[in-house]
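Colleague: Sharing a model prediction with you, sequence too.
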Amino acid sequence: MAAELNANPPSFLGVDLGIVNVAVTSDGARHCGRKTNRRHEHDRTLRAKLQKKNTKSAKRRAKKYAGREARRTKDINHKISKRIVAEAERTARGIALEDLTGIRQRARLRKPQRATLHSWPFAQLGAFIAYKAKKAGVPVVYVDPAYTSQECSQCHHIERGNRPSQARFACRSCGFVEHADLNSSHNIAHRGWMAWVCGTQSTAPELTLLA
């Protein structure tokens, strides 16, 4: 049974979903994906070798590896979403997520990162967060992801040069320096609060969808 929705959150917990870091919150919690991504790459390599053999036994083994990878990823997503929602509930805040519709088409990444992007179920993680949030009465809003990685969370100056590397954010206007994913999560939190103030309600899925 879902808890009553918290209609008056004091602020929002921003969540930046990514590849190197699967999820980074505006509180600074970082759920690193390096080890997980290495295991994904290992499993993909094994499946590719098995598929090339094109025998029944190889196909069975490839299917087994795929199922194991899916279960492992689902378990990781469950654990990450549980921690994020628990923190938002503990502090009576809402949760702000990027609307990642079409992320696979928009993203410009190197070949190894493209493989990770296409294999990691971002939609599943977002759905788990929204599902658990609704069950806990935590409001959820989705924000426009445009330029969250290039916008300074302090002065809100937007420039591609603000992101000199994958991990580093350095504002060319005010000089603010921060881990890039953490800076993005602050922008998401701010946009979430603004969306809530403007009347956006929770868009979490029905509880039966992920039961």
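Modeller: Thanks, I have it. Numbering: from 1, shown residues only.
Colleague: which ones are touching the closest residue in space to residue 91 that isn't next to it in sequence?
Modeller: Closest residue to residue 91 apart from its sequence neighbours, by C-beta to C-beta, 6 or more residues apart in numbering: residue 13 at 7.5 Å. Using the backbone N, CA and C atoms, a C-beta is placed for each residue, glycine as well. The neighbours of residue 13, taking C-beta atoms under 8 Å, 6 or more residues apart in numbering as the test, are 25, 26, 27, 84, 87, 88, 91, 93, 94, 95, 96, 189.
Colleague: Quick one: buried ones out of those residues?
Modeller: Burial by neighbour count, 16 or more other C-beta atoms under 10 Å: within these this picks out 25, 26, 27, 84, 87, 88, 93, 94, 95, 96, 189.
Colleague: Work out for me the element the fourth one sits within.
Modeller: In this structure, residue 84 is located in helix 56-90 according to DSSP states H and E.
Colleague: what lines up beside whatever helix or strand comes next after that helix in the sheet?
Modeller: The helix or strand immediately downstream of helix 56-90 is strand 94-98, counting by DSSP H and E. According to DSSP bridges, strand 94-98 forms sheet pairs with strand 12-17 (parallel), strand 140-143 (parallel).
Colleague: What is the neighbour count of residue 77?
Modeller: Other residues within reach of residue 77, judged by other C-beta atoms under 10 Å, total 22.
Colleague: hmm, I was thinking of residue 79
Modeller: Quick note: residue 79 (other C-beta under 10 Å) scores 12 neighbours.
Colleague: and the gap between it and residue 164?
Modeller: Relative to residue 164, residue 79 is positioned 32 Å away (C-beta to C-beta, to the nearest Å).
Colleague: Repeat that for residue 179.
Modeller: Note on residue 179: its distance to residue 164, by C-beta to C-beta, is 12 Å.
Colleague: Mind checking which of those two has more residues around it?
Modeller: residue 179 (15 against 12).
Colleague: Need the phi and psi values for that one.
Modeller: Dihedral pair for residue 179: phi -60, psi 130, per degrees, to the nearest 10.
Colleague: Right, I'll call it a day here.
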